[in-house]
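Asker: build me a structure from this.
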Amino acid sequence: VSEAERITNELKESYAEIQSEIVNSQSAQIEQLTASHNEELARVRSEMEVSRSEAIAHITEQLATSHAKDIQNLKTELQAFASLELERGQADAEQQRVSEAERITNELKESYAEIQSEIVNSQSAQIEQLTASHNEELARVR
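Answerer: Numbers count the residues shown, from 1 in each chain. Prediction:
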């Protein structure tokens, strides 16, 4: 084997060893990067889960607070409306009571006037009869 072939073979072997080392080194780096990447993904997922849980809890709290305020506002409005309706109902009932009392009073006044008129008419008729009877008696006595 000539010197050139020997050097060529040594270079080929050296090149093969360097390639093997490079491949091994790259494989190790890839494994390290993959492990590092997986760890980072796990950390980010964990942080996202915590962050998501905190966000959900915060939003839930805000919604509960808002819901409680809305319920309180509706309750206040309902109480005000009920109070107003009660006052309206009481005013209507009072107006009906007053109207009914006035109607009955007017009926009683009319009835009293009719009775009074009947009594006056009856008394006038009695007076006329008594006067006629008295005049007859006076005429008979004379």
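
Asker: any low-confidence regions in the protein?
Answerer: The chain contains residues with pLDDT under 70 at 1.

Asker: give me that answer again for 90
Answerer: 1, 4, 6, 10, 24-25, 47, 49-50, 137-138, 140-142 (pLDDT under 90).

Asker: tell me where it has helices.
Answerer: For the chain, helices defined by DSSP state H occupy the ranges 3-141.

Asker: what's the burial count for residue 53?
Answerer: A total of 10 residues lie near residue 53 under the criterion other CB atoms under 10 Å. Where C-beta positions appear, they are placed from N, C-alpha and C, glycine not excepted.

Asker: give me the distance between it and residue 101.
Answerer: 70 Å (CB to CB, to the nearest Å).

Asker: from residue 136, how far off is the residue in the chain sticking out farthest from the centre?
Answerer: Taking CA atoms, centre = their mean, the residue of the chain most remote from its mean C-alpha position is residue 142, at 101.9 Å. In this view, residue 142 and residue 136 are 11 Å apart by CB to CB.

Asker: likewise residue 82?
Answerer: With CB to CB as the criterion, residue 82 and residue 136 are 79 Å apart.

Asker: what is the neighbour count of residue 138?
Answerer: Count around residue 138 with other CB under 10 Å applied: 9.

Asker: and the gap between it and residue 17?
Answerer: Separation of residue 138 from residue 17 (CB to CB) stands at 175 Å.

Asker: what of residue 100?
Answerer: To residue 17, residue 100 is 120 Å away according to CB to CB.
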